[in-house]
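Colleague: Just need the structure, nothing else, for what follows:
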Amino acid sequence: MTTTTLAVLVPLLPFLGAAAGLLLGRSAPGFVRPLAVLPVLTSLVVAVLVAVRQGGDEAVTAATELTPTGSIPIELALHIDGFAALVAVLVAFVASCVQIYSMGYLRDDPRYPSYAALVSLFTSAMLLVVYSGDLMVLLVGWEIMGICSYFLVGHYWETPEARAASLKAFLVTKLGDVPFLIGLFALATDAGSFRITKVLGAVSTGALDHPTLIALLLLAGVAGKSAQFPLHTWLPDAMAGPTPVSALIHAATMVAAGVYFIARLLPVFEASQAAMVVLAVMAAVTMAGSALAALAQDDIKRVLAYSTIGQLGYMTGALAVGDRGAAVFHLLTHGAFKALLFLAAGVIIHAAGTNSLAAMSRMRDLRDRVPDAYWTMTVALLALAAIPPFSGFFSKESVLGAAEHITTGHAEGVPLAAGWIILVAGLLTALLTAAYAMRLWLLAFRGRGAEAPDHGRQPLTMTVVLWVLAAPSLAIGGLAYQSLPGWFDGDDLTPTLATSILGTGLAVVGGLVTYGAWQRTTALAARTPIGAVAAHPEGDAGLVEAEAIASHAPAYGDVAYAPDPADPGRLLLGPLHRHAAVGFHLDAVYSALFVRPVRAGATLVRFLDREVVETYVRGAGTLPRWLGAAVRRAQTGNVQTYVSALLAGTVVLAVAAVLVATGA
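Modeller: Okay, here's the model as predicted:
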């Protein structure tokens with residue numbers, strides 16, 4: 001079987017599994033789980049075979065015209081280089097883990113058949129984006145992922161949070177997709193083709209007439225899909241969906257698509273210096289802002305959501321300095337440890353017996369209750385904080401090293417400002433990332449919140465997946481930079497000494513400072529019994545929120561519990577905490593700039609329709625109604641009245657005729 005045929009099977013198998021699952025989910029429930037797992041697992045095996053055959057060498061390409069258009073052709077094309085081969089393996093691997101994990105996590109969910117089918121369709125769409133060699137076919141997978149995210153985020157549609165989150169995810173990403181679509185058409189018009197290889201060829205010859213405009217239009221779509229500032233606000237709210245869906249979206253699909261798209265078309269963006277600076281600023285604001293927001297979140301999934309936004313900022317930062325090898329390298333390592341973080345969080349949520357509640361300030365001594373989640377999440381958090389020798393260290397240092405390379409003036413075509421912006425923001429984010437990772441670990445596994453009821457051991461399918469993901473979270477970074485440099489454009493991925501020392505040093509400082517803050521807040525909180533209203537000495541305002549258990553504390557089932565007041569995030573952020581906790585009020589800004597004016601306009605239109613348009617409509621009907629009433633009064637049904645009226649009319653006509661004749 002040829003490499004091209006195998007590549008076609010990679011996205012096709014999950015698609016067929018999704019179709020079969022939707023058709024047989026109700027009539028043959030026994031087939032649901034095999035149809036959820038086996039096609040994706042087979043796709044993983046085939047993707048590995050494709051990667052081995054491709055070998056990081058020259059790209060595998062094939063194309064056939066999909067339909068005649070009369071102008072720019074649309075082709076069903078494959079373009080599989082080293083990046084595409086590795087990213088496809090990541091997507092299929094994470095999707096397989098999610099499907100296996102979901103068998104235990106959603107084992108009692110009545111909507112599991114549709115859920116599993118949508119996850120397979122989601123996977124198929126992302127694989128289509130990865131392997132596609134034509135921009136219009138890529139757009140198909142891009143949009144299918146958008147609708148799948150709408151349904152999966154809204155899986156628990158009975159809750160208002162899930163309904164609002166699914167709508168928000170759909171609308172915000174579509175807001176970015178409109179200029180993205182315009183940018184694709186403009187790019188194809190300038191290049192004369194939707195085929196990616198031909199587009200890149202046109203860029204190399206300087207055939208693009210509007211590179212800055214095209215790049216900025218495409219960046220809008222990327223910002224929406226990959227949750228970059230200012231279109232990132234949908235991702236934290238999307239945590240209302242099932243936790244395995246969060247793992248899939250954050251680790252291997254949806255948000256990874258935007259980064260991968262820029263990596264595939266990086267020469268288009270490099271053709272515009274202005275676009276590269278905009279990309280660098282967007283990445284820097286995203287990195288630093290999301291890290292601060294993560295440090296203030298209480299829900300464990302929202303911490304991880306803001307963490308994803310920040311790590312995607314690292315990837316777009318690498319692209320802003322022209323190093324797509326570093327960007328895709330971090331995409332791969334991040335996919336492994338972020339999937340592990342979310343699935344470990346799912347074990348914690350499952351142990352609490354709830355689908356969504358995961359407030360870290362209300363956790364207590366989970367280390368002994370969920371040991372698998374404890375050890376594997378510790379590995380993933382160390383990778384997230386970029387502590388050597390965990391995988392995140394190597395990929396994050398490749399990003400910082402690429403930025404440092406630009407600042408020394410050793411690269412051409414990339415603005416020097418972009419290098420400094422990414423380097424400074426990346427180092428600051430390294431400090432903050434270690435801080436919120438340490439805070440999450442302390443509150444989740446060493447917290448003082450009231451213990452929730454123990455719902456027993458987790459299904460084996462969930463815990464096994466955690467250990468499977470722990471292996472790449474620990475080792476993939478070191479193996480990749482030593483064994484796979486040819487897959488990343490031949491770039492040297494070895495960490496540089498300066499950024500390694502700075503980045504690791506700042507990460508250690510961030511972790512130690514957070515630990516010290518936690519010890520201080522723990523000592524202060526020890527003076528206040530759990531469940532009582534906290535009273536704090538002067539000068540310590542803001543360290544602990546006073547909260548009465550009777551009126552404010554949520555409950556697991558019928559059991560109320562009190563929060564753990566020992567939150568180091570409040571001490572570290574100080575007055576900034578309340579702003580960071582709500583995402584620096586960006587949703588409120590959007591509400592003021594867009595939602596309220598639209599609602600006001602809708603109210604005005606409704607008023608004009610009701611008071612003006614309907615008045616004319618009612619008036620147009622009133623006159624005939626009056627005339628009809630007058631005529632109806634004359635229709636008495638009395639023959640004598642009709643004859644009298646006829647004679648009277650005759651007399652009137654006769655008199656009128658005489659008068660006219662006399663006057664003549």
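
Colleague: Return the backbone torsion pair for R364.
Modeller: phi -150, psi 120 (degrees, to the nearest 10).

Colleague: Touching, it and G447? I think so.
Modeller: Yes - R364 lies in contact with G447 (CB atoms under 8 Å); the separation is 5.4 Å. For the C-beta atoms, the positions are set from N, CA and C on the backbone; glycine is no exception.

Colleague: any idea which helix is longest in this protein?
Modeller: In the chain, taking DSSP state H as the definition, the longest helix is helix 160-191.

Colleague: Show me what counts as buried in that one.
Modeller: By neighbour count on 16 or more other CB atoms under 10 Å, the buried set for helix 160-191 is 162, 165-166, 168-170, 172-173, 175-177, 179-184, 186-188, 190-191.

Colleague: now do stretch 491-499
Modeller: Within stretch 491-499, the residues that count as buried by 16+ other CB under 10 Å are 491, 493, 495-496, 499.

Colleague: From the chain's centroid, how far away is that stretch?
Modeller: Distance of stretch 491-499 from its chain centroid, counting by CA atoms, centre = their mean, to the nearest Å, is 30 Å.

Colleague: Extract the C-alpha set from the helix or strand containing L76 and format it as PDB.
Modeller: Secondary structure assignment for L76, by DSSP states H and E: strand 74-80. In PDB, the C-alpha atoms belonging to strand 74-80 read as follows (Å, rounded to 0.1, in the frame of the first residue of the first chain):
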ATOM      1  CA  ILE A  74      -9.900  23.400  -5.800                       C
ATOM      2  CA  GLU A  75      -7.900  20.300  -5.400                       C
ATOM      3  CA  LEU A  76      -8.100  17.300  -3.000                       C
ATOM      4  CA  ALA A  77      -4.400  17.500  -2.200                       C
ATOM      5  CA  LEU A  78      -2.100  15.900   0.300                       C
ATOM      6  CA  HIS A  79       1.100  17.600   1.600                       C
ATOM      7  CA  ILE A  80       2.900  15.600   4.300                       C
END
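
Colleague: Contacts for that strand, please.
Modeller: With contact meaning CB atoms under 8 Å, 6 or more residues apart in numbering, strand 74-80 is reached by 3-4, 7-8, 50, 54, 59-67, 88, 131-134, 136-137, 194-197.

Colleague: Contacts only, for the residue nearest to L90 when sequence neighbours are not counted.
Modeller: Computed as CB to CB, 6 or more residues apart in numbering, the closest residue to L90 that is not its neighbour in sequence is G335, at 4.7 Å. Residues in contact with G335 (CB under 8 Å, 6+ apart) are 90, 94, 251-252, 256.

Colleague: So which residues of the stretch 201-350 of the chain form helices?
Modeller: With DSSP state H, counting those that start in this stretch, the ranges of helices along the stretch 201-350 of the chain come out as 211-225, 234-237, 243-251, 255-264, 266-270, 273-294, 300-320, 324-352.

Colleague: pLDDT of stretch 239-258, averaged?
Modeller: Mean pLDDT, computed over stretch 239-258, is 92.

Colleague: Kindly check the end-to-end length of it for me.
Modeller: One end of stretch 239-258 to the other measures 20 Å (CA to CA, to the nearest Å).

Colleague: thinking again about what came up before, which of R364 and G447 has more neighbours?
Modeller: Comparing R364 with G447 by other CB atoms under 10 Å, the one with more neighbours is G447, at 23 against 18.

Colleague: wait, that one sits on M363?
Modeller: Yes - under the criterion of CB under 8 Å, G447 makes contact with M363 at 4.3 Å.

Colleague: Show me which residues of whichever strand or helix holds A507 are buried.
Modeller: Assigned by DSSP H and E, A507 falls within helix 497-525. By 16+ other CB under 10 Å, the buried positions in helix 497-525 come out as 499-500, 502-504, 506-507, 510-511, 513-515, 517-518, 521-522, 524-525.

Colleague: Next, the angle helix 273-294 makes with that helix.
Modeller: Orientation of helix 497-525 against helix 273-294 (axes from the mean of the first three to the mean of the last three CA atoms, to 10 degrees) gives an angle of 30 degrees.

Colleague: Tell me the helices and strands packed up against helix 497-525.
Modeller: Applying 3 or more CB pairs under 8 Å, 6 or more residues apart in numbering; DSSP states H and E, one finds that helix 497-525 makes contact with helix 391-407, helix 416-445, helix 568-573.

Colleague: For the strand holding L76, give the mean pLDDT please.
Modeller: 91.

Colleague: Going along the chain, name the strands of the stretch 1-150 of the chain.
Modeller: Under the criterion DSSP state E, counting those that start in this stretch, the stretch 1-150 of the chain contains strands at 60-67, 74-80.

Colleague: hey, which of those is tucked in deepest?
Modeller: strand 74-80 (a mean of 22; mean count of other CB atoms under 10 Å).

Colleague: tell me the contacts of the spatially most central residue of the chain?
Modeller: The chain has L235 as the residue nearest its centroid, 4.5 Å off, counting by CA atoms, centre = their mean. Applying CB under 8 Å, 6+ apart, one finds that L235 lies in contact with 169, 227, 250, 255, 305, 308-309.
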